[in-house]
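Undergrad: need a 3D model of the following:
(one chain, ligands or ions: 1)
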Amino acid sequence: MAMSGGGVGNGNGNGNGNGNGNGMVSGSFGRVAMSKLRLNPDRDHKPENYDDLQLDFSPLLFKSLEQYLPPPMLGVTRDSKLHYMRDILLRYAPEGERTRVQRHREYRQRIMSNYQPLHRELYTMQAADFFVPSFLKAIAENTVESFRSIVAELTPGVYAFDMLRPQFCELLLAEVDNFERWVHDSNFRIMRPNTMNNYGAVLDDFGMEAMLEKLMDDFIRPMSTVFFPDVGGSSLDSHHGFVVEYGLERDVELGFHVDDSEVTLNVCLGTQFSGGELFFRGVRCDKHVNSETQRDEVLDYKHVPGRAVLHRGRHRHGARATIAGHRVNLLLWCRSSVFRELKKYQKDCSNWCGECKRQKKERQRQSVTATKLELLKRGGKSNT
Ligand SMILES: [Zn+2]
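TA: Residues are numbered from 1 along each chain as shown. This next block holds a predicted model:
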């Protein structure tokens, strides 16, 4: 059992169709976040200056709000205060959904008009340059057999296969380095991929949206149609694409969680690292997300550069600490609006949730036993 104290987290991303980027919403500040804002401002506290940052709220607003922070927050770094206050503002700002979408569009435009891509060839789908021949062949054939022939099913519902060419990995790694350098040099405040990562970048925000949409449409949806028909695999219609970086100077590990996706593609890009294994602990619906792991649901997987892992978003997982080196992974969270809509009316998740399945089996077993007992009783009676 790998569940740590708080149970399973939910990695929220650029989700729910609002296109507003990551939701740095809660949980990241532990105890401190639990305390409330002061009723009266601390007039003696001298707030930080936020003028040099590109923010989604006015720097002045942050400056005034800072005096209302709970005392333990006043001593933390400017960045931490900023996250904390942005969290509050996002929750209470009376912004309509449309405004959020509009803001996010502007945010993307600001990046795209300022950021100079290093390798432009990464920004349009060049399948022959991106993927290894075995993967291309399976996709071209597009049959159950062709997909089965390239994957290893590590545990039910987790498929691993060779996908990216080493040259592509190298180019994308260099591009990611270029992002980070640009973010650092320009002081541009980028939205990180989700609530759990402090490093990494949303590729969709950096101009790769069209390329990743094609990756989902032409490559991941055909495979998901075969492997994940039960969670909308054939109707994937939106995505959130990002890279995460691990290592001693990056995020170290990632807690046990489920993704905000129907299907997740996770490909290691490199480079040299030790540790960082992925662990899986069974697929669960919302209701059962913290239920116990069965012995046959335990899987630990070691990343190999270029090799992809494809799984249901609801497959509980986490990443162990990357203890040396630097590891970068490409993630594509694929969503199905049809599945999400249908899920509202469906109570039975036993075709994909491990716990629902187990409980259903248990009920069937009990009813069979009861029927047998009843028959025995009747048989006994007629014989005497
Ligand atoms: Zn369930």
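
Undergrad: by mean pLDDT, flag the weakest helix or strand of this structure.
TA: The helix or strand of the chain with the poorest confidence is helix 30-34; it has a mean of 43 (mean pLDDT, DSSP states H and E).

Undergrad: after it, which helix or strand is next?
TA: helix 59-66 (DSSP states H and E).

Undergrad: which outside residues touch that next one?
TA: Helix 59-66 is contacted from outside by 41, 45, 47-51, 53, 55, 74, 81-82, 85, 88-89, using CB atoms under 8 Å, 6 or more residues apart in numbering. C-beta: built from backbone N, CA, C; applies to glycine.

Undergrad: same question for it: list its buried residues.
TA: F62, K63, L65, E66 (16 or more other CB atoms under 10 Å).

Undergrad: of all those residues, which two lie farthest apart?
TA: K63 and L65 (7.4 Å; CB to CB).

Undergrad: related to what we said a few turns ago, L278: which of the contacts of helix 59-66 is nearest?
TA: Nearest member of the contacts of helix 59-66 to L278, counting by CB to CB, is L82, at 31.0 Å.

Undergrad: may I ask which helix or strand encompasses the closest one?
TA: Per DSSP H and E: L82 is located in helix 78-92.

Undergrad: before we move on, the earlier item: ok, and which of the contacts of helix 59-66 reach the ion?
TA: Near the ion, judged by CB under 5 Å from the ion, there are no entries from these.

Undergrad: in the stretch 251-384 of the chain, which spans are helices?
TA: 337-343, 354-383 (DSSP state H, counting those that start in this stretch).

Undergrad: and this protein, which of its residues are near the ion?
TA: C285, H288, C349, C353, E355, C356.

Undergrad: burial count for the residue nearest to the fourth one when sequence neighbours are not counted?
TA: To tie it back to what came earlier, the one meant is C353. The shortest distance from C353 to any non-neighbouring residue, by CB to CB, 6 or more residues apart in numbering, is to C285 (4.0 Å). Counted with other CB atoms under 10 Å, the neighbours of C285 add up to 20.

Undergrad: thought C285 was touching G313?
TA: No: C285 lies out of contact with G313 (CB atoms under 8 Å); the separation is 11.5 Å.

Undergrad: figure out which of the helices of the stretch 251-384 of the chain is closest to F179.
TA: Closest approach to F179 among the helices of the stretch 251-384 of the chain is made by helix 337-343 (29.0 Å; CB to CB).

Undergrad: return the closest one as PDB; C-alpha atoms alone will do.
TA: Extracted as PDB, the C-alpha positions of helix 337-343 are listed here (Å, rounded to 0.1, in the frame of the first residue of the first chain):
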ATOM      1  CA  SER A 337     -16.600  15.500 -23.200                       C
ATOM      2  CA  VAL A 338     -19.100  12.800 -24.100                       C
ATOM      3  CA  PHE A 339     -17.800  10.500 -21.500                       C
ATOM      4  CA  ARG A 340     -17.900  13.300 -18.900                       C
ATOM      5  CA  GLU A 341     -21.500  14.100 -19.700                       C
ATOM      6  CA  LEU A 342     -22.600  10.500 -19.600                       C
ATOM      7  CA  LYS A 343     -20.800   9.900 -16.400                       C
END
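
Undergrad: of the residues of the chain next to the ion - the most surrounded one?
TA: Highest neighbour count within the residues of the chain next to the ion: C353, with 25 neighbours (other CB under 10 Å).

Undergrad: spit out the contact partners of whichever residue of the stretch 51-200 of the chain sits closest to the ion.
TA: Closest approach between the stretch 51-200 of the chain and the ion, counting by CB to the ion: G157, at 14.1 Å. Listed by CB under 8 Å, 6+ apart, the contact partners of G157 are F227, F228, V283, H311, R312, H315, W352.

Undergrad: buried members of these into ChimeraX, please.
TA: Buried residues among the contacts of G157 (16+ other CB under 10 Å), as a ChimeraX selection:
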select :227,228,283,311,312,315,352
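
Undergrad: quick check: of the contacts of G157, which lies closest to G325?
TA: Among the contacts of G157, and counting by CB to CB, the member closest to G325 is H311, at 24.4 Å.

Undergrad: quick check: G247 vs R327, distance?
TA: G247 is 6 Å from R327, where distance means CB to CB, to the nearest Å.

Undergrad: which neighbours do those two share?
TA: With CB under 8 Å, 6+ apart as the test, G247 and R327 both reach F273.

Undergrad: tally of neighbours for G241?
TA: Counted with other CB under 10 Å, G241 comes out at 26.

Undergrad: same check on K377?
TA: Neighbour number of K377 under other CB under 10 Å is 9.

Undergrad: hmm, back to that, name the residues of the helix holding L82 that come out as buried.
TA: So, applying 16+ other CB under 10 Å, buried residues of helix 78-92: K81, L82, H83, Y84, M85, R86, D87, L89, L90.
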